[in-house]
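Peer 1: Need coordinates for the below:
(chains A and B)
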Amino acid sequence: MSSIALPAAASPLDPPAQGRPLLARLDPRSRVLAALAFAVGVVCCQSAPALLFAGALAVGLAILARLAPAATLRRVLAVEGFMLLTLASLPFTMGGEPVFTLLGFTAGWDGFHRAGIIMLKSSAVLLATLALLGTLDMPALGHALARLGLPLRFVALFLFTVRYIDVLYREYARLRLAMRARGFRPRASLHCWRALGHLFGMLLVGSLERSERIHAAMRCRGFDGRFHLLDEHRPGRLDWGFGAVQTASLLLLAVLDVW
Amino acid sequence: MSAPLFQLQDIRFGYDPDHPVLAGVDFTLAAAERVALCGTNGSGKTTLLHVMVGLLTPSSGSVIAFGRERRRESDFHEVRAQAGLLFQDSDDQLFCPTVAEDVAFGPLNLGQSRAEARQAAEDALAQVGLDGFGHRVTHKLSGGQKRLVALASVLAMRPQVLLLDEPTNGLDRDSRARLLAVLAGLPQAMVIIAHDDDALAVLTRRRVVLEAGRLLG
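Peer 2: Residues are numbered from 1 along each chain as shown, chains lettered A, B, ... in the order given. Presented below is the predicted three-dimensional model:
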């Protein structure tokens, strides 16, 4: 990888670039676009060989991103768990050549095939997304979306949420603690529901007041409704190279699928 | 002697007309002067600072800042660049995900290019002794670091005056000492909301007390 290197960090305001996994050195925009292209490409595929190839690509991305194997597997299984019911019912509803009979219901080969395809698709897309976007920090994701042309208002909403969700949670935890300190225990009673109503009402009022103070502080620093972005990353050779490999892989995927 | 930075004349303000918070405040801040603003809780110290930068509009009286009378919102845009207000709760002030963006927010709003804003942010962070903190995530900083970053975000606009609302509030002894050392090394004129027993009094020459809506010298 020594021949393909990003330009040295432009300023001490940026985190150091060296020693990070290949995917982490890509421009966040490349990662968002790559994840989107991969997801759309894979969802359009129908044949088993193409999807096996997509799965291999996703595993490759996960390796490039140096994802922790155990944690990643847990996440993928958690999503498969959600779909278990659908996957398990498919063999009994799709018909096709019978494989076995359970309590008078016949499981058909077509259903197994379909369930396998769905599982492959979802696992591949999930794994690729975890590799490309899961390792991206939220501010970087927000800025990438802004640079890709998402309206700044949405990006600002997203970034404010990232910044203040923790402040809001701490406020909630403080109020909950104060309630417990005075003997509050959640039960199914009118008193409890009213107390919880007060808690959330208080959080809303507190957030509104905080937003007014934040707005005042922003006005003090010359805010006039427009957001300016500080970072000015440009896609480097690494990004173009990655984009080329990605495009070639997706084309190969399409060929495999049609063939 | 040069013209005063701020001149407040007979300022009156109340959130509720029956209970005025400020009932005829006169205040003058001379160039390079450092003033401690004291008073009990709820006496209107924060309100007074907010009136000075136009976040609150007084019901009567005049605010003359940097040689001009300021009335409308647009008059105060320049004032806010020249007089940096440090809020009591740094979580209100630091709203960007990363330190660099937060400190560069003011300079970018003033129309500086990204390169200039970056430079201003780096300089301001160096001034408060936080070199290399640019890429840190704001909400993961300690209370003392947040306060210093908030101060840097104000300094990045290169103001002539600092309006500090209880700057050491809620800080532990070490963070407090560090902030005091940073403030002592700054050239700006200051109005500092402080308590009588506060170490902040060391930074100031003059002390005024807000009591029953009036300022006592």
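Peer 1: In space, what's closest to the residue in the stretch 51-200 of chain A that chain B sits nearest to - neighbours in sequence excluded?
Peer 2: Per C-beta to the nearest C-beta, residue A:139 is where the stretch 51-200 of chain A lies closest to chain B, at 3.5 Å. Every C-beta, even on glycine, is put in place using the N, C-alpha and C of the backbone. Spatial nearest neighbour of residue A:139, excluding adjacent residues (C-beta to C-beta, 6 or more residues apart in numbering or on different chains): residue B:97 at 3.5 Å.
Peer 1: picking that back up, and the residue of the stretch 51-200 of chain A closest to chain B, what element?
Peer 2: helix A:138-147 (DSSP states H and E).
Peer 1: what does that helix contact?
Peer 2: A:27-29, A:31-32, A:133, A:136, A:152, A:154-155, A:158-159, A:162, A:229, A:231, A:233, B:96-98, B:101, B:137 (C-beta atoms under 8 Å, 6 or more residues apart in numbering or on different chains).
Peer 1: Off-centre distance for stretch B:96-107?
Peer 2: 17 Å (C-alpha atoms, centre = their mean, to the nearest Å).
Peer 1: what is the mean pLDDT for that stretch?
Peer 2: For stretch B:96-107, the mean per-residue pLDDT is 88.
Peer 1: In PDB, could you pull the C-alpha coordinates for it?
Peer 2: This file holds the C-alpha atoms of stretch B:96-107, laid out as PDB (Å, rounded to 0.1, in the frame of the first residue of the first chain):
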ATOM      1  CA  CYS B  96     -20.400  21.100  16.800                       C
ATOM      2  CA  PRO B  97     -19.400  17.500  16.900                       C
ATOM      3  CA  THR B  98     -15.700  18.200  16.800                       C
ATOM      4  CA  VAL B  99     -13.500  20.800  18.600                       C
ATOM      5  CA  ALA B 100     -12.000  22.200  15.300                       C
ATOM      6  CA  GLU B 101     -15.400  22.900  13.800                       C
ATOM      7  CA  ASP B 102     -16.700  24.500  16.900                       C
ATOM      8  CA  VAL B 103     -13.700  26.900  17.300                       C
ATOM      9  CA  ALA B 104     -13.800  27.700  13.500                       C
ATOM     10  CA  PHE B 105     -17.600  28.300  13.600                       C
ATOM     11  CA  GLY B 106     -17.200  32.000  14.500                       C
ATOM     12  CA  PRO B 107     -14.400  32.900  12.000                       C
END
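Peer 1: So for it, what gets flagged as buried?
Peer 2: B:96-107 (16 or more other C-beta atoms under 10 Å in any protein chain shown).
Peer 1: thinking again about what came up before, hmm, residue A:158 and the residue nearest to residue A:139 touching each other?
Peer 2: No. Assessed by C-beta atoms under 8 Å, residue B:97 is found out of contact with residue A:158, at 9.8 Å.
Peer 1: What parts of the stretch 101-250 of chain A come near chain B?
Peer 2: Residues of the stretch 101-250 of chain A lying close to chain B (C-beta under 8 Å from any C-beta of the partner chain) are A:137-139, A:142, A:159-160, A:162-164, A:166-167, A:210, A:213-214, A:216-224, A:228, A:230-232.
Peer 1: Drop anything exposed from those residues.
Peer 2: Buried, going by 16+ other C-beta under 10 Å: A:139, A:142, A:159-160, A:162-164, A:167, A:210, A:213-214, A:216-223, A:228, A:230-231, out of these.
Peer 1: Of the residues you listed, which belong to helices?
Peer 2: Among these, DSSP state H puts A:139, A:142, A:159-160, A:162-164, A:167, A:210, A:213-214, A:216-220 in helices.
Peer 1: quick check, nearest of those to residue A:101?
Peer 2: Checking these against residue A:101 with C-beta to C-beta, the nearest one is residue A:162 at 52.6 Å.
Peer 1: That closest one contacts residue B:97, correct?
Peer 2: Yes. Counting by C-beta under 8 Å, residue B:97 is a contact partner of residue A:162 at 5.6 Å.
Peer 1: need the contact list for residue B:47.
Peer 2: By C-beta under 8 Å, 6+ apart, the contact set of residue B:47 is B:13, B:21-22, B:56.
Peer 1: can you rerun that using 6 Å?
Peer 2: By C-beta atoms under 6 Å, 6 or more residues apart in numbering or on different chains, residue B:47 lies in contact with residue B:21.
Peer 1: how near is it to residue B:19?
Peer 2: 12 Å (C-beta to C-beta, to the nearest Å).
Peer 1: Close to chain A: what parts of chain B are there?
Peer 2: With C-beta under 6 Å from any C-beta of the partner chain as the criterion, chain B meets chain A at residues B:53, B:55, B:80-81, B:85, B:87, B:91-93, B:95, B:97-98, B:100-101, B:104-106, B:108-110, B:114, B:118, B:132, B:134-135, B:139.
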